[in-house]
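[1] take this sequence and fold it.
(chains A and B)
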Amino acid sequence: MARAVTTRRKIINTVAAWSVALILFFPILWTILTSFKPEAQAVSSPPVFLAFDWTLQNYIDVNEQRNYLKFFWNSVIIAVGSTLLGLVIAIPAAWSMAFVPGKRTKDLLMWMLSTKMMPAVGVLVPIYLIFKSLGLLDTRVGLVVVLTLMNLPIIVWMLYTYFKEIPGEILEAARMDGANLRAEILYVLTPMAVPGIASTVLLNIILAWNESFWTLNLTVTDAAPLTKFISSFSSPQGLFYAKLSAASTMAIAPILIMGWFSQKQLVRGLTFGAVK
Amino acid sequence: MTLTIRALLGACAVGALCSAAVAETITVATVNNGDMIRMQGLMADFNAKHPDIQVEWVTLEENALRQNVTTDIATSGGQYDVMTIGTYEVPIWGKQGWLVSLNDLPAEYDIDDILPAIRGGLTVDGNLMAAPFYGESSMVMYRRDLMEAAGLTMSDAPTWTEIEAAAAAMTDKSKEQYGICLRGKAGWGENMAFLTAMSNSFGARWFDEKWVPQFDSAQWNATLTTYLKLMNEYGPPGASSNGFNENLTLFQQGKCGMWIDATVAASFVTGKDSTVADKVGFALAPDNGLGKRGNWLWAWSLAIPSSSQKQAAAKTFIDWATNKDYLALVAANEGWANVPPGTRTSLYENPEYASVPFAKMTLDSINSADPTKPTVDPVPYVGVQFVAIPEFQGLGTAVGQEFSAALAGQKTAEEALAAAQALVTDEMTAAGYIQ
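    Next up is the predicted model:
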């Protein structure tokens, strides 16, 4: 009887999980399918799921109109650069908050998170003017800096959570063995927090890759990443849905593939310390 | 002087010479539409005529473009040398001194050839602040076959009463055939472009001469009530989320008897993707006999921000992209039907262009709009389907959301109008227009 209940529950859980996954993935699947449709069939009513005239023309058109690789490399540099810079700043910060907390550490953490609550557009003009004065408009360095600043609270918070799970005694033992602060962080703390750091890196790369407000507003041509590539195919007056879908598919494909291959690490890191 | 220093100086001199010979690069910000894509495809002609100027394109979705170029020009960012802007921005930015006058374009450019209505919308204090790349108004596009089947004839200049009768006659919801398709999606450039233009023909206006909002007037009530009746009784389901593209799709698939929208849609509904391409007729936007029609006026235009460091090269590009030769170039490569419409008188005098089925109605529609006197009663603003003040983008979208909610059945017309009156009054008071 108990086995029957367990089996039934398993089936229900599996069906529920697949249903949720399908619902979440459906918009992406639809975008990919639309990218292979002729423009007329991309907007046909009722919509066609698979029985359409499959074509690669949209991809050809998109590549003829824009230099995909230029946008792609900008996205890679900006996403990876902002993530690495963020880690360099966040690891020591999270270490101090986790292992040598002060009276106001909690308040400081909350304050850092609260900066994410302000709409980005509220600081657009000041940041634009600062970037203009520093010559950082339309530069990859400028975007790396601004995306680091935008994602730093999340990185610090995530690392702080992971570091808190590591027993302080291990670090004390390292200190007693003569490890200085640098060695303690580099050779003891960091290896133990690898799953957490890996998931932080992955999440930050995804956030930076998909960020569209700053990347659209602070770039023109030289540093324009894939968000600008997608935007260039959107039009409120004219039917370009299939081309827009092709551009979107090309833009999300790298991050989708990366997410697919690293999902184990991502899930492991995100659930780190959740189950005891 | 050592050999090394000589070599270095020599390298510097060669470098300086090389950089002088390198072409000047200008950055052009533009929207993604058929005419702009076509222009990018014809750049070989510009490059051949002006090898000393390279053009970098930044193509963006309309709202993203507007935010980008507004930030840049307001902060004198200098990131763009040519901006694609509309008739809404030109009067505001021109007055701020943010745009370079184009009055000194070469004589062959023939500024006087620009259609007067379009030129009027792009001129500030006697200075042409932007050169029109294409111009548009709005008009009625209708199914001739359905009108014939209903035993009706569409006049060239219909009234709203005729439109309602035609919509009723062509509606057959059991066949998914709707008498009329209109914009319902909220936004200052979406449903409010249509409704503001429509309200002009009902004698309504956004503000009186003292900037007091007028949504509590009988004219606005008549406008919104008529719109809601047309859409609820003869329109497609879910119309509150329909914009230009959604209605274009419905019309191309034969589901709309009439569609009142931008004149540029004419080439789409008669194009290869349309299932009703050979059955489409055109008429002026409707009126109510008050002297104003329900059509708008818009021109995507090329302008040079004052912050550009390459104004001469930018002017050369604008000259090429908007002069008579460019129209001939497009015609030679893509056919007359694909020439950017609505900018030059000479285009409409060309007998070859006159054979394009929607040419005359486009010209008549543009000519019947007057952005400087858009309403029956006097107003303190310019703009047919918008009010050329910086606050309008926010106001138009907020009011559009109220009207879209009324279309979705979440509010009555009276409630939507009262809400619009209250929110516009608050904003205009806060902005200092109402003392």
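[2] for the residue nearest to the spatial centre of chain B, give me its contacts.
    The residue lying closest to the centre of chain B (C-alpha atoms, centre = their mean) is B:Trp298, at 3.4 Å. Counting by C-beta atoms under 8 Å, 6 or more residues apart in numbering or on different chains, B:Trp298 touches B:86-87, B:135-137, B:193, B:262, B:385. The way it works is simple: take the backbone N, C-alpha and C, and place the C-beta from them, glycine included.
[3] what helix or strand is it on?
    Applying DSSP states H and E as the criterion places B:Trp298 in strand B:297-303.
[4] helix or strand next in line after that strand, which one?
    By DSSP H and E, the next helix or strand past strand B:297-303 is helix B:311-322.
[5] in that following helix, what's buried?
    Judged by neighbour count using 16 or more other C-beta atoms under 10 Å in any protein chain shown, the buried positions of helix B:311-322 are B:311, B:313-322.
[6] between these, which is nearest B:Thr59?
    Comparing the buried residues of helix B:311-322 against B:Thr59 with C-beta to C-beta places B:Ala321 closest, at 14.4 Å.
[7] that older thread, which one (most neighbours) among the contacts of B:Trp298?
    B:Ser137 (31 neighbours; other C-beta atoms under 10 Å in any protein chain shown).
[8] B:Thr425: what's its closest spatial neighbour, skipping adjacent residues?
    Nearest non-adjacent residue to B:Thr425, counting by C-beta to C-beta, 6 or more residues apart in numbering or on different chains: B:Pro213, 5.3 Å away.
[9] that neighbour bridge partners, please.
    B:Phe207 (DSSP bridges).
[10] and it, how far from chain A?
    Distance of B:Pro213 to chain A, computed by C-beta to the nearest C-beta, to the nearest Å: 26 Å.
[11] ok, now which ones touch that residue?
    Neighbour list for B:Pro213: B:206-207, B:420-421, B:424-425, B:428 [criterion: C-beta under 8 Å, 6+ apart].
[12] try it again at 7 Å.
    With contacts defined as C-beta atoms under 7 Å, 6 or more residues apart in numbering or on different chains, B:Pro213 is in contact with B:206-207, B:421, B:424-425, B:428.
[13] any idea of the pLDDT on it?
    On the pLDDT scale, B:Pro213 is placed at 97.
[14] tell me where chain B is predicted with low confidence.
    B:1-22 (pLDDT under 70).
[15] list, one by one, the residues from it near chain A.
    Within chain B, the positions lying close to chain A (C-beta under 7 Å from any C-beta of the partner chain) are B:27, B:31-34, B:56, B:58-62, B:64, B:67-68, B:71, B:75, B:77, B:79, B:243-245, B:248-249, B:253, B:262, B:264, B:273.
[16] mind checking which of the residues you listed land in helices?
    B:34, B:62, B:64, B:67-68, B:71, B:244-245, B:248-249 (DSSP state H).
[17] quick check: the farthest pair among the residues you listed?
    Distance extremes for those: the farthest pair is B:Thr71 and B:Thr249 at 32.8 Å, using C-beta to C-beta.
[18] what angle separates the strand holding B:Trp298 from helix B:311-322?
    Strand B:297-303 and helix B:311-322 are oriented at 140 degrees to each other (axes from the mean of the first three to the mean of the last three C-alpha atoms, to 10 degrees).
[19] list the pairing partners of strand B:297-303 within its sheet, with orientation.
    Its sheet considered, strand B:297-303 pairs with strand B:82-85 (antiparallel), strand B:131-143 (antiparallel) by DSSP bridges.
[20] okay, these in a markdown table with distance to B:Ile304 next?
    As requested, the strands paired with strand B:297-303 are exported to a markdown table (distance: least, C-beta to C-beta, whole Å):
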| stretch | distance to B:Ile304 |
| --- | --- |
| strand B:82-85 | 6 |
| strand B:131-143 | 9 |
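[21] on that earlier part again, please tell me which one of the ones in helices among the residues of chain B next to chain A counts the most neighbours.
    In terms of neighbour count, B:Leu248 stands highest of those at 26 neighbours, by other C-beta under 10 Å.
[22] would you confirm that that residue contacts B:Phe268?
    Yes. Contact criterion C-beta atoms under 7 Å: B:Leu248 and B:Phe268 qualify, at 5.7 Å.
[23] and stretch A:172-187, average pLDDT?
    For stretch A:172-187, the mean pLDDT works out to 87.
[24] send me it as PDB with only the CA atoms.
    Provided in PDB are the C-alpha atoms of stretch A:172-187 (Å, rounded to 0.1, in the frame of the first residue of the first chain):
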ATOM      1  CA  GLU A 172      41.300  29.300  12.900                       C
ATOM      2  CA  ALA A 173      43.200  26.000  12.500                       C
ATOM      3  CA  ALA A 174      44.800  27.400   9.300                       C
ATOM      4  CA  ARG A 175      45.700  30.600  11.200                       C
ATOM      5  CA  MET A 176      47.300  28.500  14.000                       C
ATOM      6  CA  ASP A 177      49.300  26.700  11.300                       C
ATOM      7  CA  GLY A 178      50.700  30.100  10.200                       C
ATOM      8  CA  ALA A 179      48.400  31.000   7.300                       C
ATOM      9  CA  ASN A 180      48.200  34.800   6.800                       C
ATOM     10  CA  LEU A 181      44.900  36.400   5.600                       C
ATOM     11  CA  ARG A 182      45.700  36.100   1.900                       C
ATOM     12  CA  ALA A 183      46.600  32.400   2.300                       C
ATOM     13  CA  GLU A 184      43.500  31.800   4.500                       C
ATOM     14  CA  ILE A 185      41.200  33.200   1.800                       C
ATOM     15  CA  LEU A 186      43.000  31.800  -1.200                       C
ATOM     16  CA  TYR A 187      44.000  28.400   0.000                       C
END
